[in-house]
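**Student:** Have a look at this fold, sequence not included:
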């Protein structure tokens, strides 16, 4: 059994993304509500009607009381448990394999690395797509330990986590750190007026008793101070897609190839049916575990199984400016039929095909190119090109 606990107050802006990210990951989810008035509960009932909502017994956001209530709920749950805030996204595609291995080795507690996410491009909520994985939507951030900030959480199977105030530390031991467990803290992403207002609203909820002992001081920031913090974070932020932890998350799939299919029934309601980003060494998608082989030089193969009929496929491939143009001999085929190629600009090429494909028909994409790799052995630009989007429509 895998259990998630979270406490909220007026999180309507971020909740849809947080729910979609975690909904298939956990067996049970308990939401502790602190008298939300912005429709947060309606969002939960709509997107995750099987989740349990309980009203907090606390009158305010006293840090110790908040954590004690979390542990009260933990004590009634069997199996593995973790408590996250709405700004915290757990990134672990193969979490069930991880806890199975932990149980076999007699491990009771796990933790991992935490990244501070930064909306460096200032896309706001336009930079988040609920139909894309978080690792494909956000790319800038930094390791929280780089600023001596502990933001990791505890995934455990004890009766409670025995947390210190804030739940970023605990009195349980031994706890094993694994790079398979990654936490994305949306401290500076998305960055817009709504998130600024959220931060200041939380600050107004911090009781005087907490302020007196130094708890919650990170929430006691004026708008101008928050903008300064954001500017500093942008300077510190790195392109996470170049880091091995992020590359692994991008390339991983939580399903085996024979299990691949569209599991989100609502996807069939959209036109185009599917728009999938491709970064790094493998196809990545929230709705499918598409690839069965990582890219090997200039060749790749992956399979998509659509839930609805398809009569048009568009694939857009681009080459970063640091590299040369897409080679003219690049070929993309679907079930043996070569897609028509049109060069849009020196760095963008569009491949398309207008052919009827049935619902549930396996669409095997093959990509070949005689592109040569860089001669410099220290050059890590390994991709022949990057697929920007794939669109299926009907």
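**Tutor:** Okay, I see it. Computed from a predicted model, the values in this text were never measured in an experiment.
**Student:** Can you show me the helices along the stretch 201-350 of the chain?
**Tutor:** Per DSSP state H, counting those that start in this stretch, the stretch 201-350 of the chain carries helices over the ranges 208-212, 223-236, 244-251.
**Student:** If you count neighbours, what's buried in the first one?
**Tutor:** Same thing as helix 208-212. residue 210 (16 or more other CB atoms under 10 Å). In short, each C-beta sits where N, CA and C put it, glycine included.
**Student:** how about the strands in the stretch 101-250 of the chain?
**Tutor:** Assigned by DSSP state E, counting those that start in this stretch, the stretch 101-250 of the chain shows strands spanning 109-118, 140-143, 155-156, 176-188, 238-239.
**Student:** Dump those strands to a markdown table, plus distance to residue 35, mean pLDDT and mean neighbour count.
**Tutor:** A markdown table is the format used below for those (distance: least, CB to CB, whole Å; pLDDT from 0 to 100; neighbours: other CB atoms under 10 Å):
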| stretch | distance to residue 35 | mean pLDDT | mean neighbour count |
| --- | --- | --- | --- |
| strand 109-118 | 28 | 94 | 22 |
| strand 140-143 | 32 | 93 | 21 |
| strand 155-156 | 29 | 98 | 25 |
| strand 176-188 | 23 | 93 | 19 |
| strand 238-239 | 39 | 94 | 14 |
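**Student:** Tell me which of these lies nearest to residue 203.
**Tutor:** strand 176-188 (14.0 Å; CB to CB).
**Student:** So which elements touch the closest one?
**Tutor:** strand 88-91, helix 95-104, strand 109-118, helix 223-236, helix 244-251 (3 or more CB pairs under 8 Å, 6 or more residues apart in numbering; DSSP states H and E).
**Student:** hey, least reliable of these by pLDDT?
**Tutor:** Per-stretch mean pLDDT for the helices and strands packed on strand 176-188 is lowest at helix 244-251 (a mean of 84).
**Student:** buried ones in it?
**Tutor:** In helix 244-251, counting by 16+ other CB under 10 Å, buried: 245, 246, 247, 248, 249, 250, 251.
**Student:** Of the residues you listed, which is the nearest to residue 93?
**Tutor:** Nearest to residue 93 among the buried residues of helix 244-251 is residue 249, at 7.1 Å by CB to CB.
**Student:** which ones are touching the closest one?
**Tutor:** Applying CB atoms under 8 Å, 6 or more residues apart in numbering, we find residue 249 in contact with 91, 93, 135, 182.
**Student:** Can you add distance to residue 12 and give these back as CSV?
**Tutor:** Formatted as CSV, the contacts of residue 249 follow (distance: CB to CB, whole Å):
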residue, distance to residue 12
91, 23
93, 27
135, 24
182, 26
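**Student:** Scan these and report the most crowded one.
**Tutor:** The residue in these with the most neighbours, by other CB atoms under 10 Å, is residue 135 (27 neighbours).
**Student:** State the number of residues packed around the closest residue to residue 354 other than its chain neighbours.
**Tutor:** Leaving aside its sequence neighbours, residue 354 sits nearest to residue 312 (CB to CB, 6 or more residues apart in numbering; 5.3 Å). Neighbours of residue 312 under the rule other CB under 10 Å: 16.
**Student:** now residue 58
**Tutor:** Residues near residue 58, counting by other CB under 10 Å: 15.
**Student:** Can you read off the pLDDT for the residue nearest to residue 198 when sequence neighbours are not counted?
**Tutor:** Distances taken as CB to CB, 6+ apart put residue 13 closest to residue 198, at 6.6 Å, once the chain neighbours are dropped. Looking at residue 13, its pLDDT stands at 92.
**Student:** what's the answer for the one 4 residues further on, then?
**Tutor:** Among the per-residue scores, residue 17 shows a pLDDT of 92.
**Student:** In three-state terms, label it for me.
**Tutor:** Recorded secondary structure, residue 17: helix (DSSP: H, G, I helix; E, B strand; the rest coil).
**Student:** need the helix or strand of the chain with the lowest average pLDDT.
**Tutor:** strand 282-283 (a mean of 32; mean pLDDT, DSSP states H and E).
**Student:** Pull the contacting residues for the nearest residue to residue 185 once chain neighbours are set aside.
**Tutor:** The shortest distance from residue 185 to any non-neighbouring residue, by CB to CB, 6+ apart, is to residue 151 (4.9 Å). Residues near residue 151 by CB under 8 Å, 6+ apart: 88, 114, 116, 144, 168, 183, 185.
**Student:** among those residues, which two are most distant?
**Tutor:** Taking CB to CB, the two most distant members of those are 116 and 168; they sit 13.0 Å apart.
**Student:** quick one, what contacts the most centrally placed residue in the chain?
**Tutor:** The centroid of the chain falls nearest to residue 134 when counting by CA atoms, centre = their mean (2.7 Å). Residues in contact with residue 134 (CB under 8 Å, 6+ apart) are 17, 21, 89, 91, 128, 184.
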